[in-house]
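Engineer: Sequence plus predicted model, see below.
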Amino acid sequence: MDQTDLRDELERLHSASFGWALWCCDHRREDAEEVLQTAYLKVLEGAARFNGRSSLRTWFFAVVRRTAWEQRRLRWVRELLLARWLWQPALVSRGEPDEALRSSEESHTLRHAVAALPTRQREVLHLVFYQELTIEEAAKVLSISLGTARTHFERGKARLRTLLEQEARR
């Protein structure tokens with residue numbers, strides 16, 4: 001795939017990529033924008049190369065996820081070093097939740113139920129339901145086997161169903 005085709009495809013995937021970046025950054029918009037911009041730079045500067053072993057979307061989502069993890073780790077190290085320097089506990093930044101998620105009680109309930117799931121189950125469910133990837137594509141994004149992804153998908157759905165039923169009874 002040449003550079004022009006790559007740019008066109010990345011542009012076509014932008015809104016889905018931003019949604020995935022938001023998810024990877026715990027819905028902190030500024031962090032998601034920074035992660036996505038850094039992921040684009042990695043691709044366009046050649047630090048991340050598409051080899052064609054998966055779809056471009058699956059591959060780019062993996063780049064975004066890895067970039068979010070790297071930036072989260074860097075932020076943690078900076079906060080730790082700053083805390084040591086100032087002899088104060090590290091300040092953890094808390095972004096405002098996405099306005100759409102706060103707008104309805106159902107979204108709030110769903111968000112809390114999803115947050116109660118183990119990380120891997122949350123990631124697989126998000127990729128399949130919100131990013132419209134197949135379970136196989138989600139497995140590639142997360143660098144796990146297809147069987148493991150299926151297990152997390154099924155267990156995540158079952159646990160989410162249980163949590164939502166419990167909340168409905170309250």
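Structural biologist: Sure, I can see it.

Engineer: need the next SSE after the helix or strand bottoming out on mean pLDDT in the chain, C-terminal direction.
Structural biologist: Least confident helix or strand of the chain, by mean pLDDT, DSSP states H and E, is helix 99-102 with a mean of 46. Downstream of helix 99-102, the next assigned helix or strand under DSSP states H and E is helix 105-115.

Engineer: Counting residues, which helix of this structure comes out longest?
Structural biologist: Counting by DSSP state H, the longest helix found in the chain is helix 56-86.

Engineer: same question for that one, mean pLDDT?
Structural biologist: Here helix 56-86 scores 80 as its mean pLDDT.

Engineer: May I see the buried residues of it?
Structural biologist: Buried positions in helix 56-86, judged by neighbour count with 16 or more other CB atoms under 10 Å: 56-68, 71. C-beta: built from backbone N, CA, C; applies to glycine.

Engineer: Can you tell me which of those residues is nearest Glu30?
Structural biologist: Checking the buried residues of helix 56-86 against Glu30 with CB to CB, the nearest one is Gln71 at 11.2 Å.

Engineer: do you know how far the nearest residue in space to that closest one that is not next to it in sequence is from Leu41?
Structural biologist: Excluding the flanking residues, the one nearest Gln71 by CB to CB, 6 or more residues apart in numbering is Val35, at 5.8 Å. Distance of Val35 to Leu41, computed by CB to CB, to the nearest Å: 11 Å.

Engineer: All good on my end, thank you.
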